[in-house]
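Colleague: any chance you could fold what I've pasted below:
(one chain, ligands or ions: 3)
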Amino acid sequence: MKKNNKLKLLTVSIITIVSSYTVISNRKKEEKLYKLAYIDEVTKLGNKNFFMQKGKEFLENIKNKTNNYLMVLDIDKFKSFNKRYGHQKGNELLYTIGQILTEILSKEAIIARLANDAFGIIFESRNDIEKILTEIEEKISKIKIENKEYQIYISLGAYKIKENEKEIEKILDKALIAHDKIKGNYNKQYMIYNETLEKEIEKEHNIELNMQQALENEEFEVYYQPKINVKTNKIEGAEALVRWKKEDKIIPPSDFIPIFEKNQFIIKLDTYILKKVCKDLEEWKKKYKNISMPLVSVNVSKEHLTKENFKSEYESIVKKRGITPNEIEIEITETATIEKDIISMIKEIKETGFTISIDDFGTGYSSLSMLQDMPIDTIKIDKIFIDQINLNDTKKNIIEYIILIAKKLKIKTVAEGVENKKQVEYLKKLGCDFIQGYYYFKPLTKKEFENQMNDR
Ligand code: C2E
Ligand code: CA
Ligand code: CA
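Modeller: Ligands and ions are numbered 1, 2, ... in the order given. Here you go, the predicted model:
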């Protein structure tokens, strides 16, 4: 071979080697970039970019497939898990959940981590959807990480994709609506989106839009339901119950209180109701000098009780109207008392002088020893027990026990939701102190209540 030719060959081979190197290293760079842009380091699954991109492609290619779902899933109290077991374990939990999802769902499923502890999944369901969701819930609830089992709760919202739906963002929103609805529910961990749900959410949304204005417009009105002293047969107390008067309609509390408890607006509303009650009491005291005032009770939600300035605020509202705290009774539901800091809170409120009542008694989980530890004045026996009186059920015995124990502890008893004579007679026989219910009175407007007081 000529020298010149040899050189040529060498140059060509060098160029080939160098260029193929460049191709390889470019490919690696691309891979790296792809990973950065689309892969989640912790779970080794896709990230949100990946999810949106693949989701779009999935929707574009859907043909006559009817069982496609998009779902979002997150871990309840993931922050507490991290705090308790450390970040590393938290990451392992995320990874393992990703693995479980991959195992349960088909190979073609698009699984991604959307943010912190939230996963997004698009898949074709080849089985009964409820079965799949239950399986996911069950497997995750007893998750094993390095042979140790952890109890994990999730919230999962699913949406069944319609055939010609193409917008991934809208579909994701609907799964999120179902997810938000189930979040914080401990009886069930998943929800499949449906139209009623959407209407309900819209209603909730409307209530939230209007609540502040309604408060300013004084649309919330206090009704008073009398409590009758069983011995004297006279009205000696009343429960303040809110009604929302919108245009000519009356919206019952069951429609808005749960929403206000979620968004904390209940704090504003309850404070407002107390102010109204105190104003009314001040007025009645001036107007009816010869009548002893009824003990008026107001409902207070758990969210409110744990607020730092609750006690001082309530105290100052009452005193501004020249009312002593013991003229107002605070009703706290039994379920609220389970939490430790609430018990010490109750003690503080009692020290301020307010009268304290435990509402819906018998439906929560407080133990008898708790009753002993709490400085309470009254318990209200829940309506479900009163309803049993007609049935000669064994639950009748429970009322007997409650009243017996209350007497021993010098706690007064109020029976709630009493609707007929048979119930009244039975409660009288047991020595229940007060009766509140439709048998005597429904909740009355301020005017109606005043008239009743006058008739005593
Ligand atoms: P609750 O505190 O257990 O109030 C008793 C409920 O039972 C009232 O319903 C009352 O109207 C109803 N009731 C009384 N007697 C009878 C009866 O004989 N038969 C039947 N079927 N029902 C009877 P309401 O006024 O609709 O209030 C529902 C719930 O809303 C209340 O339950 C309470 O938890 C909440 N709530 C009402 N007003 C307020 C408020 O101002 N603040 C807060 N935080 N919650 C309130
Ligand atoms: Ca109550
Ligand atoms: Ca009650």
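Colleague: what's the neighbour count on Ile235?
Modeller: 21 (other CB atoms under 10 Å). Yep, even glycine has a C-beta here, placed from its N, CA and C like the rest.
Colleague: meant to ask about Phe81, not that
Modeller: Using other CB under 10 Å, the number of residues around Phe81 comes to 17.
Colleague: can you confirm it is in a strand?
Modeller: No. Checked against DSSP: H, G, I helix; E, B strand; the rest coil, Phe81 lies outside a strand; its state is helix.
Colleague: could you find the closest non-adjacent residue to it?
Modeller: Spatially, and ignoring its direct neighbours in sequence, Phe81 is nearest to Gly90 (6.0 Å; CB to CB, 6 or more residues apart in numbering).
Colleague: which residues touch that neighbour?
Modeller: 78, 81-82 (CB atoms under 8 Å, 6 or more residues apart in numbering).
Colleague: wait, which of those is closest to ligand 2?
Modeller: Of all the contacts of Gly90, ligand 2 sits closest to Phe78, with 34.7 Å by CB to the ion.
Colleague: any idea how far the residue nearest to Phe81 lies from ligand 3?
Modeller: 41 Å (CB to the ion, to the nearest Å).
Colleague: helix/strand/coil for that residue?
Modeller: Assignment for Gly90 (three-state DSSP): helix.
Colleague: so how far is Ile111 from it?
Modeller: 19 Å (CB to CB, to the nearest Å).
Colleague: kindly report the same for Glu327.
Modeller: In terms of CB to CB, Glu327 sits 61 Å off from Ile111.
Colleague: equivalent analysis for Lys203, please.
Modeller: 34 Å.
Colleague: show me which of these two is the more surrounded one.
Modeller: A count of neighbours by other CB under 10 Å puts Ile111 above the other of Lys203 and Ile111, at 22 against 13.
Colleague: next one, pLDDT for the more buried one please.
Modeller: We have a pLDDT of 97 for Ile111.
Colleague: can you start the count at 327 instead of 1 from here on
Modeller: New numbering, starting at 327: the last item is Ile437.
Colleague: show me what it is bridged to.
Modeller: Ile447 (DSSP bridges).
Colleague: could you verify my assumption that it touches Glu429?
Modeller: No. Under the criterion of CB atoms under 8 Å, Ile437 makes no contact with Glu429, lying 10.6 Å away.
Colleague: in the protein, where's the longest strand?
Modeller: When the chain is parsed with DSSP state E, its longest strand is strand 561-572.
Colleague: show me where pLDDT drops low in this protein?
Modeller: Across the chain, the stretches falling below the confidence threshold (pLDDT under 70) are 327-350, 390, 693, 718-722, 782.
Colleague: hang on, the earlier thing: wait, does the longest strand of the chain contact ligand 2?
Modeller: No. Judged by CB under 5 Å from the ion, strand 561-572 and ligand 2 are separated, with a smallest distance of 5.6 Å.
Colleague: and that strand, anywhere near ligand 1?
Modeller: Yes. Against ligand 1, strand 561-572 shows contacts by CB under 6 Å from any ligand atom at 567-568.
Colleague: neighbours around Gln778, how many?
Modeller: With other CB under 10 Å as criterion, Gln778 counts 17.
Colleague: what's the angle from the helix or strand hosting it to strand 561-572?
Modeller: Following DSSP states H and E, one finds Gln778 within helix 772-780. Per axes from the mean of the first three to the mean of the last three CA atoms, to 10 degrees, the angle that helix 772-780 makes with strand 561-572 is 170 degrees.
Colleague: who are the contact partners of the residue of the stretch 327-476 of the chain at minimum distance from ligand 2?
Modeller: Nearest to ligand 2 in the stretch 327-476 of the chain, going by CB to the ion, is Asp402, at a distance of 29.1 Å. Residues near Asp402 by CB under 8 Å, 6+ apart: 478-481, 509-510.
Colleague: that one and Asp708, how far apart?
Modeller: Distance from Asp402 to Asp708, by CB to CB: 28 Å.
Colleague: so for the longest strand of the chain, what gets flagged as buried?
Modeller: 561-570 (16 or more other CB atoms under 10 Å).
Colleague: in TSV: those, plus distance to ligand 3.
Modeller: Putting these into TSV (distance: CB to the ion, whole Å) gives the following:
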residue	distance to ligand 3
Ile561	18
Glu562	18
Gly563	14
Ala564	14
Glu565	8
Ala566	13
Leu567	10
Val568	14
Arg569	16
Trp570	19
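Colleague: reformat these as CSV; add distance to Phe449.
Modeller: CSV is the format used below for the buried residues of strand 561-572 (distance: CB to CB, whole Å):
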residue, distance to Phe449
Ile561, 62
Glu562, 63
Gly563, 58
Ala564, 56
Glu565, 51
Ala566, 52
Leu567, 48
Val568, 46
Arg569, 47
Trp570, 43
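Colleague: what is the most widely separated pair among these?
Modeller: Glu562 and Trp570 (28.1 Å; CB to CB).
Colleague: buried ones in the helix holding Gln778?
Modeller: Buried, per 16+ other CB under 10 Å, within helix 772-780: 772, 775-776, 778-779.
Colleague: same check on stretch 585-596?
Modeller: 585-587, 591-593, 595-596.
Colleague: look up phi and psi at the residue of the stretch 327-476 of the chain found nearest ligand 3.
Modeller: Proximity of the stretch 327-476 of the chain to ligand 3 (CB to the ion) peaks at Asp402, 28.3 Å away. Main-chain dihedrals, Asp402, degrees, to the nearest 10: phi -80, psi 140.
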